[in-house]
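Student: just the structure for this:
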Amino acid sequence: MFRVITIEREYGCGGGAIAAQLARHLNWTLWDKQLTDEIAHLANVDRSAVIRCDERCNSRLYRMAKTFWRGSYESSSQLAHQTFDTDRMMAMMEEITARIAREGKAVVVGRGAPFFLRDNPDTFHVFLYAPRGEKVRRLIGDGASESEAEALVDVVDRERKAFVKHYFDSEWPTRSLYHMMLNTATGNDSVIDAILHTMRMVEGRPQATHYDPAKIPVPS
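Tutor: Residues are numbered from 1 along each chain as shown. Prediction:
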């Protein structure tokens, strides 16, 4: 029985809102902004520091500097006061998602959760996408200008691709990872209905039977 749902999404397709609506319907915990708060609390940093790292790689310059610190005479002192970064966030995310999976009844949005839980049989994985025009329309509806929406649709997903490639050595989206991929242009309610219906179908799927071509009737 599925006890966790991960929602990966293209930016602007409405994935966050759909995840929230799905969690309310199931009466499950939504781990989206709450993930940011949990990491900030455990790391003892301001949530703005976590937001800066959210599904973004550390800059190339920062990674070079970090490598230098590790090999320098002062490395122990430098790392003891290390600024919160994406590497640290990802190490914490792996621990947090494992705990979420143990507790169950959770909808988890992005942040590498589909990869961390890819071998968990109790997790149902969904990828949400939409045509560019639909994503721009949704972002404008959320208060962005048209030019802002156009830029965000390109930039954020490009950062997510780099993030997944760097931390999981995978392409984004990794299609084989998901139970289903849905176009949100069909509407939030339709997407949620499809997720719930498919979950029930997969949970109740009978055991596969041996395929015997000799038993297939031959047309006369």
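Student: who are the packing partners of the longest helix seen in the chain?
Tutor: Criterion DSSP state H: the longest helix present in the chain is helix 146-168. Using 3 or more C-beta pairs under 8 Å, 6 or more residues apart in numbering; DSSP states H and E, the elements in contact with helix 146-168 are helix 86-103, helix 113-116, helix 132-141. Where C-beta positions appear, they are placed from N, C-alpha and C, glycine not excepted.
Student: run the last query once more with 10 Å
Tutor: For helix 146-168, the packing partners by 3 or more C-beta pairs under 10 Å, 6 or more residues apart in numbering; DSSP states H and E come out as strand 4-9, helix 86-103, helix 113-116, helix 132-141.
Student: just the CA atoms of whichever helix or strand comes after it, as CSV, please.
Tutor: Downstream of helix 146-168, the first helix or strand assigned by DSSP states H and E is strand 180-183. Extracted as CSV, the C-alpha positions of strand 180-183 are listed here (Å, rounded to 0.1, in the frame of the first residue of the first chain):
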residue,chain,number,x,y,z
MET,A,180,3.0,8.4,-14.2
MET,A,181,3.6,11.8,-15.9
LEU,A,182,0.7,14.2,-16.2
ASN,A,183,0.0,17.3,-18.2
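Student: picking up where we left off before, report the angle between the axes of the longest helix of the chain and helix 86-103?
Tutor: 80 degrees (axes from the mean of the first three to the mean of the last three C-alpha atoms, to 10 degrees).
Student: and helix 146-168, what's buried?
Tutor: 149-150, 152-153, 156-157, 160, 163-164, 166-168 (16 or more other C-beta atoms under 10 Å).
Student: ditto for stretch 93-103
Tutor: 93, 96-97, 100-101.
Student: got any ranges where the protein has weak pLDDT?
Tutor: Applying pLDDT under 70 to the chain flags the ranges 55, 57-82, 205-220.
Student: show me the one of the helices and strands packed on helix 146-168 that comes nearest Trp28.
Tutor: Among these, strand 4-9 comes nearest to Trp28, with 7.7 Å by C-beta to C-beta.
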